[in-house]
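**Student:** sharing a sequence plus its predicted fold:
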Amino acid sequence: MTLQVTELACRQGRIGRITLDAPARLNALTEGMLDELAAVLARWAVDDSVCVILIDGNGEGGLCAGGDIVDLYAALSAGDTSDTPTRWFSKEYRLMYHLHRYPKPVIGWGHRVVMGAGMGLLSACRYRLVSADLMMAMPEIGIGLFPDVGASYFLNRLPDGLGLFLALTGARLNATDALRVGLADQPVHNGGKPALLAALQQQHWSGDPLRDDSLLSQLLDQLDTPAYHSLPASELARHEQTIARLCGEGRLTDIVARLLAEPAECAWWQAGMANLRAGCPVSACLAYEQLQRGRHLPLKEVLAMELILAVRCCQHPDLVSGIRSRLIERGSRPVWSYPSVAEVPADYIGQHFVAPWSDHHDPLALS
């Protein structure tokens, strides 16, 4: 089993706790874990005695480092570029959609590494708690993919230019950064989970989701939390005006050129620029286009668009090359289809947004 599922008795009602339990791989989500998560959440949604849900991760490494794409790589390498990717990403996006719309309050405990699918998972929770040692990012440009799991939705709700900046650079945000831009709601002490669980169990839950949501909000307001001055200094506070100026508008080629030419000596900035230089040019173009197209779309349409993009990426060589380089033959250099964003044809990017299935077939089947 790669999930620990427990129901904790309270003074009235119960708490459902789901712990991602694959610490050796930083709790990266496998297809089996997606199935387990979906089944447990579906069962608790109609169980009147379960009033609040907590999602966390086992081990010190983090909540979730993303999707476990090694199995996906095996399928792609064997020539399965349609069935497995469609099934895998459909399960992932369906889970995110249902979690965003879950009928009961859900707490996400985001400690240490929260990346890719982990960031999507946390973003879908009603209450997003983050530890002081948080390291949050959407690093897909490094493997030839794009920021998915609903990123076209939540990155577009960040301050001007920041969503695109994170997509292009895979920049790592700390707890203060995440709180500053609304990607998290409340800081928590690294060892504060037992206190939270005890407080939850002492509560008289009503079984009415609206009432319980109000009770939970009050409970979290009373939780002992780190003082803001004790958290890491915000990198975004130093750079957000520069990011808005460089990424707020314009063609992608101009934005990339401006970013790489910016004379910032900060190590955090330079790490992001190194990711951009080494990253997949097609991924950069897809990220730019997905954020443009997804700007005013509801979540359901965002996920439908991202499913098409994900399956299309599986049908092109960059993703296989990126996964091989980063996860299989660590240290090798990926071979990208195009050497720069300026050389990626517009029609090649456009093809990624065309569904590989008929108009009568909906793999997601979101209600």
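**Tutor:** Nice, I can see it.
**Student:** Gly192: how many residues sit nearby?
**Tutor:** Other residues within reach of Gly192, judged by other C-beta atoms under 10 Å, total 18. Using the backbone N, CA and C atoms, a C-beta is placed for each residue, glycine as well.
**Student:** tell me how far it lies from Arg157.
**Tutor:** The gap separating Gly192 from Arg157 is 27 Å, by C-beta to C-beta, to the nearest Å.
**Student:** likewise for Lys104?
**Tutor:** With the distance defined as C-beta to C-beta, Lys104 ends up 23 Å from Arg157.
**Student:** ok, these two, which is more surrounded?
**Tutor:** Lys104 (21 against 13).
**Student:** contact partners for the closest residue to that one other than its chain neighbours?
**Tutor:** Beyond its immediate neighbours in the sequence, the residue positioned closest to Lys104 (C-beta to C-beta, 6 or more residues apart in numbering) is Pro209, lying 5.1 Å away. By C-beta atoms under 8 Å, 6 or more residues apart in numbering, the contact set of Pro209 is 51, 103-105.
**Student:** now, which of the residues you listed lie within helices?
**Tutor:** Cross-referencing the contacts of Pro209 with the helices (criterion: DSSP state H) gives no overlap at all.
**Student:** any chance of those residues in CSV, with pLDDT and distance to Gln186 too?
**Tutor:** Putting the contacts of Pro209 into CSV (pLDDT from 0 to 100; distance: C-beta to C-beta, whole Å) gives the following:
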residue, pLDDT, distance to Gln186
Cys51, 98, 20
Pro103, 98, 22
Lys104, 98, 19
Pro105, 98, 14
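**Student:** please list only the buried members of the residues you listed.
**Tutor:** Those of the contacts of Pro209 that meet the buried threshold are 51, 104-105, by 16 or more other C-beta atoms under 10 Å.
**Student:** I'd like those laid out as JSON lines, including distance to Gly331.
**Tutor:** As requested, these are exported to JSON lines (distance: C-beta to C-beta, whole Å):
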{"residue": "Cys51", "distance to Gly331": "48"}
{"residue": "Lys104", "distance to Gly331": "45"}
{"residue": "Pro105", "distance to Gly331": "44"}
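**Student:** filter those down to the ones in strands?
**Tutor:** Cross-referencing the buried ones among the contacts of Pro209 with the strands (criterion: DSSP state E) gives Cys51 as the overlap.
**Student:** could you pull out the strands in the chain for me?
**Tutor:** In order along the chain, the chain carries the following strands (DSSP E): 3-9, 14-20, 50-57, 62-64, 106-110, 113-115, 127-131, 135-137, 186-188.
**Student:** follow-up on the earlier one: show me which pair in the contacts of Pro209 is furthest apart.
**Tutor:** Longest distance between any two of the contacts of Pro209 is 11.1 Å, between Cys51 and Pro103; criterion C-beta to C-beta.
**Student:** look at the residue nearest to Val40 when sequence neighbours are not counted and report its pLDDT.
**Tutor:** What sits nearest to Val40 in space, not counting adjacent residues and going by C-beta to C-beta, 6+ apart, is Val5, at 5.3 Å. Listed pLDDT for Val5 reads 97.
**Student:** let me see the contact set for Val5.
**Tutor:** Residues near Val5 by C-beta under 8 Å, 6+ apart: 16-19, 36, 40.
**Student:** residues contacting the helix or strand of the chain with the lowest mean pLDDT, please?
**Tutor:** With mean pLDDT, DSSP states H and E as the measure, the helix or strand of the chain carrying the lowest mean pLDDT is helix 70-77 (a mean of 92). Defining contact as C-beta under 8 Å, 6+ apart, one finds that helix 70-77 is touched by 30-31, 84-85, 88, 314, 319-320, 323-324, 327-328.
**Student:** pipe the residues you listed into a markdown table and attach neighbour count per row.
**Tutor:** Compiled in a markdown table, the contacts of helix 70-77 are given as follows (neighbours: other C-beta atoms under 10 Å):
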| residue | neighbour count |
| --- | --- |
| Thr30 | 18 |
| Glu31 | 16 |
| Thr84 | 18 |
| Pro85 | 22 |
| Trp88 | 23 |
| Cys314 | 23 |
| Leu319 | 28 |
| Val320 | 21 |
| Ile323 | 23 |
| Arg324 | 19 |
| Leu327 | 13 |
| Ile328 | 13 |
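**Student:** any idea how many residues pack against the nearest residue to Ser230 once chain neighbours are set aside?
**Tutor:** Among residues not flanking Ser230 along the chain, Ala132 sits closest, at 7.2 Å (C-beta to C-beta, 6+ apart). Other residues within reach of Ala132 by the criterion other C-beta under 10 Å amount to 18.
**Student:** which residues does Ala132 contact?
**Tutor:** Contact criterion C-beta under 8 Å, 6+ apart gives 175, 187, 189-190, 226, 230-232 as the residues in contact with Ala132.
**Student:** out of the contacts of helix 70-77, the closest to Leu162 would be?
**Tutor:** Minimum separation from Leu162 among those (C-beta to C-beta) is found for Leu319, which lies at 25.3 Å.
**Student:** report how many residues lie close to the nearest residue to that closest one once chain neighbours are set aside.
**Tutor:** On the basis of C-beta to C-beta, 6+ apart, the spatially nearest residue to Leu319 that is not a chain neighbour turns out to be Gly144, at 4.3 Å. Taking other C-beta under 10 Å as the neighbour definition, Gly144 ends up with a count of 27.
**Student:** thinking Gly144 is in contact with Pro334, fair?
**Tutor:** Yes - here Gly144 lies in contact with Pro334, judged by C-beta atoms under 8 Å, at a distance of 6.8 Å.
**Student:** now do the shared contacts for those two.
**Tutor:** Between them, Gly144 and Pro334 share these contacting residues under C-beta under 8 Å, 6+ apart: 280, 318, 321-322.
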